[in-house]
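Novice: Got a predicted model here, sequence first, then my questions.
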Amino acid sequence: MTKTFTGKSPIIIAHRGASGYRPEHTLAAYELAIALGADYIEPDLVSTKDGVLIARHENEISETTDVAKHAEFAHRQTSKIIDGESKTGWFTEDFTLAELKTLRAKERIPQLRPQNIFYDGLFEIPTFQEIIDLVKNKSVEINRQIGIYPETKHPTYFKSIGLPLEKPLLASLTTNGYQGANARVFIQSFEVSNLQYLSTQTDLPLVQLLNNDGKPYDFVVTGNGSTYADLITTSGLEEIAKYAQAIGIHKNLLVSRDSTGKLLSPTSLIINAHASDLLVHAWTFRNEDHFLPLDFQGNPQGEYELFLKLGIDGVFSDYPDTAYAVNENLGFKFCSHSPLPPSDP
Ligand code: G3P
Ligand code: CA
């Protein structure tokens with residue numbers, strides 16, 4: 001019944017962990033995601049001053065940590081241009097790992113997820129190595145191979161300040177035994193040139209992320225006129241297929257919404273991507289009405305069903321248990337254990 005590219009069941013990618021239930025990018029969020037049925041956990045990666053990869057969605061960390069409360073770091077507050085946007089706050093590249101380890105994570109969107117405020121101040125910023133260790137230990141514990149889906153964040157920027165992400169990422173994956181096209185790893189980027197570079201250095205699966213507007217930041221820097229809209233044309237997809245094995249798409253590129261939030265007819269993107277031998281993973285599925293289309297208010301399951309029936313190969317989800325339940329209802333076999341309900345740490 002599945003229309004996925006491989007004919008296998010689609011995968012559940014825990015977006016920043018089970019970030020609907022725990023502050024994002026914490027070991028607690030990743031661990032819960034695995035318990036709830038995720039096949040892969042997704043760390044976004046940035047660098048510390050001393051070149052260690054850590055999990056944060058941005059290198060500016062005031063939205064997701066308590067850094068602003070640390071008087072000893074007050075003087076580190078500064079303004080920078082990151083990917084063309086002015087940002088004011090505290091930046092990971094200005095802190096050593098030891099310094100960052102004194103901070104604690106907090107909920108990014110407390111107004112939408114007030115239940116998670118309870119966890120503010122409890123969890124450290126994890127390193128990529130700590131995440132790999134968690135994945136390996138949990139895989140043994142539950143007898144199920146959990147995958148890891150790291151994203152290079154702001155790769156052009158980090159290269160420009162002498163802290164490139166790609167080499168430490170590959171070194172870490174290699175050291176930990178992740179090698180070859182069948183490894184349970186996907187490496188993702190919103191930029192193009194670093195994926196093209198990575199394709200010359202590794203056989204690990206690569207994912208070109210595609211937003212529903214704008215262009216890759218490396219294209220901005222090099223003056224390349226192409227946009228994400230150009231990359232989803234048939235010729236654009238054929239170019240991507242030369243260096244990547246999958247695309248990670250904003251959901252709207254497959255089923256967009258009108259000005260009232262109502263869903264429109266599906267595009268041919270999934271058909272075209274599969275024709276170019278590219279898997280399609282879509283982001284981001286969330287339970288809150290704030291994020292849901294008009295058609296599925298109060299019914300996040302309906303949104304998953306729509307996309308899964310179109311044949312997507314994976315979902316990035318903040319609520320892996322919801323994804324798991326829908327997939328079971330659709331007859332997909334996801335993992336070998338029953339998901340557990342969320343529980344307190
Ligand atoms: O990496 C793809 C997915 O995570 C959506 O992007 O902004 O949440 O990293 P973002
Ligand atoms: Ca991401």
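Specialist: Thanks, I have it. Ligands and ions are numbered 1, 2, ... in the order given.

Novice: use CA for all of it now, contacts and neighbours both
Specialist: Fine.

Novice: in this structure, what spans have low per-residue confidence?
Specialist: Within the chain, the segments meeting pLDDT under 70 span 1-2, 333-345.

Novice: how about a cut-off of 90?
Specialist: Residues of the chain meeting the criterion pLDDT under 90: 1-3, 7-9, 331-345.

Novice: Any idea how far the lengthiest helix in it is from the middle of the chain?
Specialist: Secondary structure of the chain per DSSP state H: the longest helix is helix 128-142. Computed by Cα atoms, centre = their mean, to the nearest Å, the chain-centroid distance of helix 128-142 equals 18 Å.

Novice: Now do the buried residues in that helix.
Specialist: 128-129, 131-132, 134-136, 138 (16 or more other Cα atoms under 10 Å).

Novice: now these as TSV including distance to residue 232?
Specialist: Converted to TSV, these look like this (distance: Cα to Cα, whole Å):
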residue	distance to residue 232
128	31
129	34
131	32
132	32
134	35
135	33
136	35
138	37
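
Novice: Now stretch 142-161 - C-alpha only, CSV.
Specialist: What follows is stretch 142-161, C-alpha atoms only, in CSV (Å, rounded to 0.1, in the frame of the first residue of the first chain):
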residue,chain,number,x,y,z
ILE,A,142,15.8,-1.7,23.1
ASN,A,143,17.3,-3.9,20.4
ARG,A,144,16.4,-1.5,17.6
GLN,A,145,18.9,0.5,15.5
ILE,A,146,18.1,4.2,16.0
GLY,A,147,19.4,6.5,13.3
ILE,A,148,20.9,9.9,13.5
TYR,A,149,20.0,12.8,11.2
PRO,A,150,22.5,15.7,11.9
GLU,A,151,22.1,19.1,10.2
THR,A,152,25.0,21.5,9.6
LYS,A,153,23.7,24.9,10.7
HIS,A,154,25.1,28.1,9.2
PRO,A,155,27.9,26.1,7.4
THR,A,156,29.2,29.1,5.3
TYR,A,157,29.3,31.3,8.4
PHE,A,158,31.2,28.7,10.5
LYS,A,159,33.7,28.1,7.7
SER,A,160,34.2,31.9,7.5
ILE,A,161,35.3,32.1,11.2
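
Novice: For the longest helix of the chain, give me every contacting residue.
Specialist: With Cα atoms under 8 Å, 6 or more residues apart in numbering as the test, helix 128-142 has contacts from 27, 30-31, 34, 43, 45, 53-55, 145-148, 172, 176, 337.
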